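> Quick one, fold the following:
(chains A and B)
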Protein chains: 2
Amino acid sequence: MRDAYIIGAGQTPFGAMPDKSYRSLFTSAVAAAVSSVPNGIDDDEIDEAVVGSLGVGGRQLGLSGPAATEHAGLHGIPSSRIENACAASGYAVRQAVQAVKSGMADVAIGGGVESMTDMSSDVTKYWLGVSGETEWERLTGTTFSGVYAQMASAYMDKYDATTEHLSMVAVKNHANGAKNPKAHLGFECSLEDAVNAPVVADPLNLYHCCPTSDGGAAVLVASEDVVDQYTDDPIRVAGVGAASERVGLFQRDTYTAISSSESAAQSAYDQAGIDPGDLDFAEVHDCFAIAELLAYEDLGFCDRGKAPSMLEDGKTELDGEIPVNASGGLKSKGHPIGATGAGQVTEAFKQLSGKAGDRQVEDATLGLTHNVGGSGGGAVVHVLEREVAR
Amino acid sequence: MRDAYIIGAGQTPFGAMPDKSYRSLFTSAVAAAVSSVPNGIDDDEIDEAVVGSLGVGGRQLGLSGPAATEHAGLHGIPSSRIENACAASGYAVRQAVQAVKSGMADVAIGGGVESMTDMSSDVTKYWLGVSGETEWERLTGTTFSGVYAQMASAYMDKYDATTEHLSMVAVKNHANGAKNPKAHLGFECSLEDAVNAPVVADPLNLYHCCPTSDGGAAVLVASEDVVDQYTDDPIRVAGVGAASERVGLFQRDTYTAISSSESAAQSAYDQAGIDPGDLDFAEVHDCFAIAELLAYEDLGFCDRGKAPSMLEDGKTELDGEIPVNASGGLKSKGHPIGATGAGQVTEAFKQLSGKAGDRQVEDATLGLTHNVGGSGGGAVVHVLEREVAR
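Below you'll find the model as predicted:
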C-alpha cells in the first residue's frame, strides 16, 4: 500500500451565491486547488476525479460527476459522483486516496459542490430531509434539526450540560470564522446573543444550527512516487477511517454518541500510529452545536460527558490545547453539503502549510478532519501530517 | 498494486416488481452474491461496500449507501453510494476493486439497485431524463430514446446500416434472454416482430429500446492475499478501465462512436495485456440497439462501420466468434439502472464459472463487461479471467 499525499487543496468562498451554478462553483474550487500546488500541476496530470454532492435541487442528478469535471476542463478521465449525505466529499477525498493507493491513479482529485440558496427554503428543506431515514423519520415529519435536538436533549439529560454549552460552540466558531475570509457567516457573536437566539427545535436555537450555503472545494492527492514533482512540503495522509451506522436514530444503541465517528477515528488513529492527544488541531462536523460536543468524545479528545468542561476551559479555542474548527466550522464557515468534507481537508492543508492567516494554529504538524453524513449514518476521518516538520 | 479477484456475484431477477423496496432488492442481491462464494463467506468478512444507484423516484436520496447496506446486514463498514447514471454499478464494482487494490479492504462488495416500476411512467421518464445533459438537452425536451435515435440516424447515414440491423440485435438478445431465468423480457422475438414494432423515436422502435426494470446485483471482490480462503476457482480482474466524455451529445466530435467506451476498453486491454480478439464473450451496454452496434466498434471487435456485417454473419450470437450479451443484455434481461453494471459482472462470473446454464458460452475463460452512463458521459470496462482454465 503506497503512501498518499495532499499536494493542493482549495475552495470557493462559502455563502449565499444563488447566481453561481454547481458547475461554476466546482470549477472555481478545482482552479483554487490547482493553483495551490507549490510546484504547479497541469490539468492533464490529474488521472481521476470524484465529486461529492447530494445533488440538492434536482439539477444534474445523473452523471453529475462527469458534468462537473467537464466544465472544470478535466476531460476524459474516470469521473463519478459519490453521495454520503453531508459526508459526500469527505468520502470523495478518501476515494481519491484509495485511487492513488491502489496504483490506478498517480494524482486524483476528490472534491465536492452544492448549490442550495437558489431555491425556496421549503424546497431546500425537502432536499435536506432526503438524507434522513425515509420511512420512519422523514415521512413522520422529523427534520434534521429535530434529530439533533433529540440527541442534545438526551445528552443534557445524561450529563452535566446546558444550552449555554451549546452556545459556547457558536461563540468559539464564529470568533474563528470572523478570521476566515471564505466564511459564510464571518462575524463574531456574543454568548448573550448565542443564548438568546430564537428556538429552532428545542433545545437548539438559531445559533446552534449551521447555515444553508453554496460552495465548492477540491483536494489533490498524489502518490509517494510522484509527490516530489509537485511539492517540497508534502502533507501525508497518515490515516483515513470511514464507517457507517444505522441511518435512523431510533435503531441505535445510544443518542449520545455516534458510533461511526468513533470507529472511523479509531481506524485512522491506528493507521497513523497516533493517539488523539498527539493532534495539533481538528476540523469537526458541527452541523448543530451538539454535534461538536459529541465529536470531542467520539474522537477521543476527552472522556464521555466531559465535552462541556473542555469548552468551559477553552481547550478547543484557537490558542487552546487542541483548537477545533479554526476555520469557523460548519457553523460560521458554512455548510454547502457536498463541499463540506473537502472544505475541511482544505482547511487542514492550509493549516499544515502554515497558510491559514489570522486563524493559523501555531506549529501545526498533525491535524484531523471529521465529516459526518446525516446524523451519523456515515462518517469519515482523515489524519494529515506535515512531513518536513517532523 | 495487488491483484483483485471476483469470488462471488449474484442478482435478483430483473423485472417489474413494484412491491419490492430498493432495500429488499439490494439485500436479495447481497444474499445471492454471498451464497455464490464457493467456500462460503461470513458477512463480517466484508470490509467495505459501494452501492450504485441513480436513486430513481426520490426515495432515500441521501445516505442510500448506508441505508441499503444496513438492511442487508452489513453493519458499521464504510458504505457509500456512487452515481454515474446507468454506469453506477459498473463504477461500484471498479470502486470495490480499487478498495481491494489499495490495501484498505481485503474483501469489498460493489453492487447496485434500482426501483423503477412503482411510479407512473411520467415520473420514471423524468428521473431517467435527469441523466441527460440538463441545460441544453433535457430542458429542451430531448429524451434518452431521442439522444440514441440521433446516434442511430447519424450511423445509418454514414455507414451501410438499416433498421433491420438494429432489429437483429433485439432478435439475438431475446433469443439469449429466453434462456435466462432472471431476464425481465425472457421471450424470443422474430425479426418480423422486431422490424414492425411501433416507432418510439425514429429510427428506433419498441424492440430497439430496453425495458424499465427493477432489480439488484452485487459482486464480491477479494485481494490476492485472501482469495484462496474463498475459492479454488478464482476469477481475476485482469483489467479495469473507466473514462468520461462530454455529457451533452452536441458537444462531441462524433455521434457514431463513444470515446469513453473506446478509452475505457483500451485501458482495460492494456492492463490485461490482451487484444479484443482474445475475448471469449462480452456483456455490452445495449440500452438501445444502436448502442450495441457502437459497442462492437468502440470495443474493437470490428472496424468502424462493420458492426452490421458482424450481425449478418452471426459472429456475436451465442455460438459465434464472440458471443455478445449471452445474458439477454439490457434489451431482454432488463435495465434496472443502478443494478445493470454489477449485473453484467454477475453474468461474466457465471459464464467464467461454467454456471450459465442453457446460455453457457463454451470454454469461457476471458470475458468483458461494458457499462455506459447516459449516452456515454461515463463508461467502465472490466476484463475478467478464469485463472484455473489458463
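> Name the strands paired with the helix or strand where A:Val200 lies and say parallel or antiparallel.
Element membership of A:Val200, judged by DSSP states H and E, is strand A:199-201. Strand A:199-201 pairs in its sheet with strand A:204-205 (antiparallel), by DSSP bridges.
> Please see if the helix or strand that the strand it pairs with is followed by touches chain B.
Sequence-wise, the next helix or strand downstream of strand A:204-205 (DSSP H and E) is strand A:215-223. No. Strand A:215-223 lies apart from chain B when judged by CB under 8 Å from any CB of the partner chain; the minimum separation is 10.8 Å. (Glycine included, C-beta is placed from N, CA and C.)
> Just give the nearest non-adjacent residue to the closest residue to chain B within the stretch 101-250 of chain A, would you?
Of all residues in the stretch 101-250 of chain A, the one sitting closest to chain B is A:Ser131 (2.7 Å; CB to the nearest CB). In this structure, A:Ser131 finds its nearest non-sequential neighbour in B:Gly62, 2.7 Å apart by CB to CB, 6 or more residues apart in numbering or on different chains.
> isn't that neighbour right up against A:Gly378?
No. Look at B:Gly62 against A:Gly378 with CB atoms under 8 Å: they stay out of range, at 9.7 Å.
> ok, the residue sitting nearest the centre point of chain A - contacts?
Ranked by distance to the mean C-alpha position of chain A (CA atoms, centre = their mean), the top residue is A:Gly341 at 3.2 Å. By CB atoms under 8 Å, 6 or more residues apart in numbering or on different chains, the contact list for A:Gly341 reads A:52, A:86-93, A:112, A:217, A:369, A:371, A:380.
> gap between the host helix or strand of it and the chain center?
Taking DSSP H and E as the definition, A:Gly341 sits inside helix A:340-352. From the chain centre to the centre of helix A:340-352 is a distance of 8 Å (CA atoms, centre = their mean, to the nearest Å).
> following it, which helix or strand comes up?
strand A:366-373.
> so does the helix or strand just after that next one get close to chain B?
Following strand A:366-373 in sequence order, the next helix or strand is strand A:378-386 (DSSP H and E). Yes. Counting by CB under 8 Å from any CB, contacts between strand A:378-386 and chain B involve A:Gly378, A:Val380.
> Enumerate every residue touching the nearest residue to A:Thr162 once chain neighbours are set aside.
Leaving aside its sequence neighbours, A:Thr162 sits nearest to A:Met156 (CB to CB, 6+ apart; 6.8 Å). Shown in contact with A:Met156 (CB under 8 Å, 6+ apart): A:Thr162, A:Thr163, A:Pro203.
> Could you list the low-pLDDT ranges of the stretch 101-250 of chain A?
Nowhere does the stretch 101-250 of chain A drop to pLDDT under 70.
> Could you rerun that using 90?
A:118-143, A:250 (pLDDT under 90).
> Can you pull the residues of it lying near chain B?
So far as CB under 8 Å from any CB goes, the stretch 101-250 of chain A lies against chain B at A:101-104, A:127-128, A:130-134, A:240, A:242-247.
> just to revisit the earlier point, mind checking which helix or strand the closest residue to the residue nearest to the centre of chain A other than its chain neighbours is in?
Nearest residue to A:Gly341, sequence neighbours excluded (CB to CB, 6+ apart): A:Gly90, at 2.8 Å. Assigned by DSSP H and E, A:Gly90 belongs to helix A:88-101.
> orientation of that helix relative to strand A:215-223 in degrees?
For helix A:88-101 against strand A:215-223, the angle between stretch directions is 20 degrees (axes from the mean of the first three to the mean of the last three CA atoms, to 10 degrees).
> mind listing what's buried in helix A:88-101?
A:88-101 (16 or more other CB atoms under 10 Å in any protein chain shown).
> for stretch A:246-264, same thing?
Here stretch A:246-264 shows A:246-249, A:252, A:255-264 as buried, counting by 16+ other CB under 10 Å.
> Closest to B:Pro181 out of those residues?
A:Val247 (33.5 Å; CB to CB).
> can I assume the closest one is in contact with B:Ala67?
Yes. The pair A:Val247 / B:Ala67 is scored as a contact, 4.8 Å apart, by CB under 8 Å.
> if we can go back for a sec, next one: the strand holding A:Val200 to chain centre, how far?
Distance of strand A:199-201 from the chain centroid (CA atoms, centre = their mean) equals 23 Å.
> what's that strand in contact with?
Counting by CB under 8 Å, 6+ apart, residues outside strand A:199-201 touching it are A:Thr143, A:Ser145, A:Gly146, A:Tyr148, A:Ala149, A:Asn205, A:Leu206, A:His208, A:Cys209.
> quick one: secondary structure of the second one?
On the three-state scheme (DSSP: H, G, I helix; E, B strand; the rest coil), A:Ser145 is labelled helix.
> Hmm, it is touching A:Ile290, no?
No. Using CB under 8 Å, A:Ser145 is not in contact with A:Ile290; the gap is 10.5 Å.
> In terms of neighbours, single out the busier of the two.
The neighbour comparison of A:Ser145 against A:Ile290 (other CB atoms under 10 Å in any protein chain shown) goes to A:Ile290, with 29 against 22.
> quick one: contacts for the more buried one?
A:Tyr148, A:Met151, A:Ala152, A:Tyr155, A:Leu166, A:Leu204, A:His208.
> mind checking pLDDT for the nearest residue to the third one once chain neighbours are set aside?
Counting by CB to CB, 6+ apart, A:Ala152 lies nearest to A:Ile290, which is 3.9 Å off, once chain neighbours are set aside. According to the prediction, A:Ile290 has pLDDT 98.
> And the helices in chain A, which stretches?
Along chain A, counting by DSSP state H, helices occupy A:22-35, A:64-71, A:88-101, A:121-129, A:144-158, A:163-177, A:191-196, A:227-230, A:259-272, A:289-298, A:307-312, A:329-332, A:340-352.
> how about CSV for these, with distance to B:Gly8 added?
Converted to CSV, the helices of chain A look like this (distance: least, CB to CB, whole Å):
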stretch, distance to B:Gly8
helix A:22-35, 37
helix A:64-71, 28
helix A:88-101, 21
helix A:121-129, 36
helix A:144-158, 36
helix A:163-177, 46
helix A:191-196, 54
helix A:227-230, 37
helix A:259-272, 25
helix A:289-298, 34
helix A:307-312, 44
helix A:329-332, 40
helix A:340-352, 32
